[in-house]
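Engineer: Sequence below, structure please.
(2 chains)
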Amino acid sequence: MAIETQPEQTHGAGGAQPAGPRRRPWWMRPAIHTAIIGAVIGYLLGHLLGNFLESNNVATEYPNLALSDSSDWPIVLGYGFAIVGWMIGLGVFSDLFRQMIGRPVPVEAHSETEDVNVGVAKYFRFTLDHKVVGIQYLVGMVIYFCTAGLFAMAIRAELLSPTYHLFSSSAYVEIVGEHGTMMMMLMTSVILGPFGNYLVPLMIGSKRVAFPRIEALSFWLTPMAFLILLSGLMLGGFPFGWTGYAPLSIESTVGADSYAMAFGLMGISIILAGFNIIVTVICYRAPGMRWSRIPIFVWSMVATSFLMVLAAPVLVGGMYMMITDRTAQTAFFIDTLGGSSYLYQNLFWFFGHPEVYILALPGFGIVLEILPVFCRKPLFGYKVAAAGMIGVTLLSFFVWQHHLFDSGINPDMRPVFMLTTELISIPTGFIFLVAVGTVWKAKIRFTVPMLFALAFFFNFLIGGISGVFLSDVPADTTEHGSFFVMAHFHYTIMGGLIFAFMAGCYYWLPKMMGIRLNQTLGKWHFWTMFIFFNSTFLPLFAVGMAGQPRRVFEYARNLETLNDWVSISAFCLGGSILIFVINFVWSTVIARVPEVGNPWRSRGLEWQVSSPPPPGNFAHVPVVLSGPYEYGTPGAPPVADLNPPTGVVSAAYAGADTARAEA
Amino acid sequence: MAAESPAPAQPAGPSGGPNHGIRIFIPWLILSVVADVLIWAVWGPHLPPGDMSTSASNQQFAIKVMAVMAAPVMLFVLVYFAYALTVWRHREGDDEDGPPIHGNTRVSATWITLSSVIVLALFVFGTVELVTAQGSGSGQGASPVFDTGVSSHPLQVQVIAQQWKFTYRYPQYGGFETTHLVLPVGEWVEFHVTSIDVIHSFWAYQLGVKADANPGVDNVAYTKINNAGTITVRCAELCGLWHGAMFDYGQAVSVSAFDAWARGTETQLASVTKILPPYALTYDPTVVAQMSKAMVAAGLTGGAGLYYPPNDPAQP
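Structural biologist: Numbers count the residues shown, from 1 in each chain, chains lettered A, B, ... in the order given. Next up is the predicted model:
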């Protein structure tokens, strides 16, 4: 278990040491503005190249290709080059280039004491500090979530009336697609991005993450994915929701390219993010941080990361095939030319179902992390909780065809997928068992993060139970593709993931920013969000059961009252999120009430250092002495020795190395 | 049933004190019994999708059984948390931590065993409901394994989905095509669902039938209608611009009325039926000879290789 505590960039290329960083004015240094310039230049180059390919060479040599969609080549190549230009402009490759030409690598970008990394500017750069990346992710995710939430409110505005009245059919279907895709692709990182990247090293007693460049890149791909997806609106959008079923997605106009490029890019981002977390947790734990002592949140991050690393490549492959189908006229998904539209459905859901657990597991981790702190009790059944997460992770790869129960795909397999889908409720039940055991005879404190954590269990209970109805093939025949499904996954994702995200914000923002969020506004936010969330999505179960399919703009007139109720609740829910945004901005920018200590009296290792944590997290590598949930345990040692006697850590590593050598 | 005694929510005694298990168990038991009786007897007969056909009533039964099983589970968590949050809340001035309970093997084992039993019971129930009910109205693809077994010649209806309309074809009546779905009461119906462009989903709500319409695929679903009435047909898979308005209404009528309607329509449409492609389980419009020639001549077989060239009709 080798821990590198020295920054790796002190050795320059060719053995040359940098003779002090070169000072350049701020606008010359790579940051977000140079990245935007790079992306624009890249897009123009790619677009021109695509036009050239399509209009000259390809069209004359391969008439078949000339018959392809209006102009996919310029769009796809434009996006591709824009991504590369964005990364070059951001300075992702700068050090690589410098090393290739034998120039010294400046330390300025990576030094935490250097003044370039002081202040707000570091948040707009390709910064390698995991704490900066965490904050970048946090702000980014709030922006993405609110943008996609506005699309949701536009959908609800259209559904105020059973006939189509507000948007044109094309505008409506574009809005539906943008909302679904943006939420589903970007919210995969809503907890792993901010809290995972920021807190996992602190929780396992590490001074850094394993792959800071990969981690930073994983964040900086998300704004590009977001912008590419949004730019689809300028190309006419895409008419196939977030699932992108072929052949509709192959036949659609160029807006579909933005979907495929953005989703594929986000797939790469979550592979990178997951990879970094896995290696960090496996290799960078402090001495004494055994697998039986790592916080349950870290377990959830490891499980999520494995899902990301194993599932997202299938998505990237599927998106790649869609792009080649659209440009080079391959026929992976075209029945009449030897492909299969089922292939796309299988590929998509082979990613798509693990993805919903990518969205659920971090929520489990956060609420189980928060529960013991405000119950002042140890976590009940730590091993059961970890086993539940591992069980969900494993099973989630074997359930994907329950999305295809009515599709006509091999009917023999239906009982099997019904079984695996229902089995997954057993490890999910473990999470509830742990919560039930933890609140038993507890001393519950109703702080804002605790309220959100408790609401998580209420919402996820409804989401989970409705999922059992969907797993049953006969019942699913009615529920599939209706608003019932839509209510179900909003209960698990918004009621689960987003409530847990809010719990994490109120719980950890004092740690991450050294600033306390306003608790009164927080309580207002909680109660409005909890009430209007349920008021929005509970009636939708009934709406779906009554026969309203998803993604429609015309529905039966007798459902108008319910739909209006839901729409008005949805607007109020948007107002509740606005309270959060106001609270977030007010508390972190204007009021700035400092919170430097350990306000929740938590035993978590991350709370044992000052808030926000100093550069390098820990002055010394800590030695972990006991588990993080030993509340009320008489004689429990402190969680860690932050200032271990000289030689203890190196002896521990020496021991580990010897043990490894002997093994 | 015992007299209703809501959970005594008074603050728990400071020490030793009340038997929390009993205090949670009794209200849970009462609420569960009440809820299950209400679900089974009062709500059950009105649960969607109704009982207009065998598959619909089969699904209604499945939903009812699962609701009856789910209610006690949900109520347990809700009652437990309501009790816990009321009784075990932090009191002012009490700064001690709670009891250090790290786990309880018996509780965990009971929980895991119970949830496994419930899940496996649901699985067995679901499988039986799927196999014995002819697939329960869901589309089974080209070679259905859960077939009727009783009637060798059910009424065949081909459902041809296209953007953004359903067309119905009756091969046993000369293969005429119509946009009106009319079905007989009391006879097995065998839907053959296919598409000529993108993926749609044929959802006959009152019949409890849902089958995706895939281009080039014959997706079979069975049902038998119990009562006459109106059928709402909606597309349940996003299929492009006007997906939101892709619906129509069908009629379930008596066998004699259906026969009269079918024979009458067959005669009426004979001249049209003559120029249609011969009946096939999947519907490939390029088999229409003159149309196929015209498409090849115009170079329109590239791209998706389908009826429409990929950019016509233009879709956003």
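Engineer: A:Ala542 and A:Thr561 touch, don't they?
Structural biologist: No. Look at A:Ala542 against A:Thr561 with CB atoms under 8 Å: they stay out of range, at 11.0 Å. Every C-beta, even on glycine, is put in place using the N, C-alpha and C of the backbone.
Engineer: These two - which one has more neighbours?
Structural biologist: More neighbours surround A:Ala542 than the other of A:Ala542 and A:Thr561, with 16 against 10 (other CB atoms under 10 Å in any protein chain shown).
Engineer: and that one, what does it touch?
Structural biologist: Residues in contact with A:Ala542 (CB atoms under 8 Å, 6 or more residues apart in numbering or on different chains) are A:Leu562.
Engineer: Now do the buried residues in the host helix or strand of it.
Structural biologist: In this structure, A:Ala542 sits in helix A:519-545 according to DSSP states H and E. The neighbour-count check on helix A:519-545 (16 or more other CB atoms under 10 Å in any protein chain shown) flags A:521-522, A:524-526, A:528-530, A:532-537, A:539-545 as buried.
Engineer: is the following helix or strand past it anywhere near chain B?
Structural biologist: Note on helix A:519-545: by DSSP H and E, the next helix or strand toward the C-terminus is helix A:560-585. No. Using CB under 8 Å from any CB of the partner chain, we find that helix A:560-585 stays clear of chain B, coming within 13.0 Å at best.
Engineer: by contact count, what packs against the helix or strand following helix A:560-585?
Structural biologist: Next helix or strand after helix A:560-585 toward the C-terminus (DSSP H and E): strand A:623-624. If you count contacts as 3 or more CB pairs under 8 Å, 6 or more residues apart in numbering or on different chains; DSSP states H and E, strand A:623-624 packs onto strand A:640-641, helix A:648-662.
Engineer: just to revisit the earlier point, the helix holding A:Ala542 - what's its average pLDDT?
Structural biologist: Per-residue pLDDT over helix A:519-545 has a mean of 95.
Engineer: Go ahead and measure how far that helix is from the middle of the chain.
Structural biologist: 22 Å (CA atoms, centre = their mean, to the nearest Å).
Engineer: what angle separates that helix from helix A:560-585?
Structural biologist: Orientation of helix A:519-545 against helix A:560-585 (axes from the mean of the first three to the mean of the last three CA atoms, to 10 degrees) gives an angle of 150 degrees.
Engineer: looking at the helices and strands packed on strand A:623-624, which one has the lowest mean pLDDT?
Structural biologist: Looking at those, the bottom one is helix A:648-662 with a mean of 63.
Engineer: Could you check how far A:Ser258 is from B:Gly186?
Structural biologist: From A:Ser258 across to B:Gly186, the span is 52 Å (CB to CB, to the nearest Å).
Engineer: Which of these two has more residues huddled nearby?
Structural biologist: Taking other CB under 10 Å, A:Ser258 and B:Gly186 do not tie; A:Ser258 has more neighbours (27 against 13).
Engineer: these two touch, right, the more buried one and A:Leu229?
Structural biologist: Yes. Using CB under 8 Å, A:Ser258 makes contact with A:Leu229 at a distance of 5.9 Å.
Engineer: Could you list the buried residues of the longest helix along chain B?
Structural biologist: Ranked by residue count under DSSP state H, the longest helix found in chain B is helix B:54-87. Neighbour-count burial for helix B:54-87, counted by 16+ other CB under 10 Å, picks out B:54-81, B:83-84, B:87.
Engineer: tell me what whichever helix or strand comes after it is packed against?
Structural biologist: Next along the chain after helix B:54-87, taking DSSP H and E as the criterion, comes helix B:105-131. Packing contacts for helix B:105-131, counted by 3+ CB pairs under 8 Å, 6+ apart, involve helix A:414-423, helix A:425-439, helix A:448-471, helix A:473-479, helix B:54-87.
Engineer: at 6 Å instead, please
Structural biologist: helix A:414-423, helix A:425-439 (3 or more CB pairs under 6 Å, 6 or more residues apart in numbering or on different chains; DSSP states H and E).
Engineer: Give me the mean pLDDT for stretch A:245-262.
Structural biologist: On average, stretch A:245-262 scores 90.
Engineer: so how far is it off the chain centroid?
Structural biologist: That offset, for stretch A:245-262, works out to 23 Å (CA atoms, centre = their mean).
Engineer: Just the CA atoms of that stretch, as PDB, please.
Structural biologist: C-alpha atoms of stretch A:245-262 as PDB (Å, rounded to 0.1, in the frame of the first residue of the first chain):
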ATOM      1  CA  TYR A 245     -33.900   3.900 -29.600                       C
ATOM      2  CA  ALA A 246     -32.800   3.000 -33.100                       C
ATOM      3  CA  PRO A 247     -34.000   3.300 -35.800                       C
ATOM      4  CA  LEU A 248     -35.600   6.600 -34.800                       C
ATOM      5  CA  SER A 249     -32.300   7.900 -33.600                       C
ATOM      6  CA  ILE A 250     -30.600   6.900 -36.800                       C
ATOM      7  CA  GLU A 251     -33.200   8.600 -38.900                       C
ATOM      8  CA  SER A 252     -33.300  11.800 -36.900                       C
ATOM      9  CA  THR A 253     -31.700  15.000 -38.100                       C
ATOM     10  CA  VAL A 254     -28.500  16.400 -36.900                       C
ATOM     11  CA  GLY A 255     -29.700  17.200 -33.400                       C
ATOM     12  CA  ALA A 256     -29.300  13.600 -32.600                       C
ATOM     13  CA  ASP A 257     -25.500  14.000 -33.100                       C
ATOM     14  CA  SER A 258     -25.400  16.200 -30.100                       C
ATOM     15  CA  TYR A 259     -27.200  13.600 -28.000                       C
ATOM     16  CA  ALA A 260     -24.800  10.800 -29.000                       C
ATOM     17  CA  MET A 261     -21.600  12.900 -28.600                       C
ATOM     18  CA  ALA A 262     -22.700  14.400 -25.300                       C
END
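Engineer: in stretch A:88-96, what counts as buried?
Structural biologist: Neighbour count says stretch A:88-96 has A:Ile88, A:Gly89, A:Leu90, A:Gly91, A:Val92, A:Ser94, A:Asp95 buried, by 16+ other CB under 10 Å.
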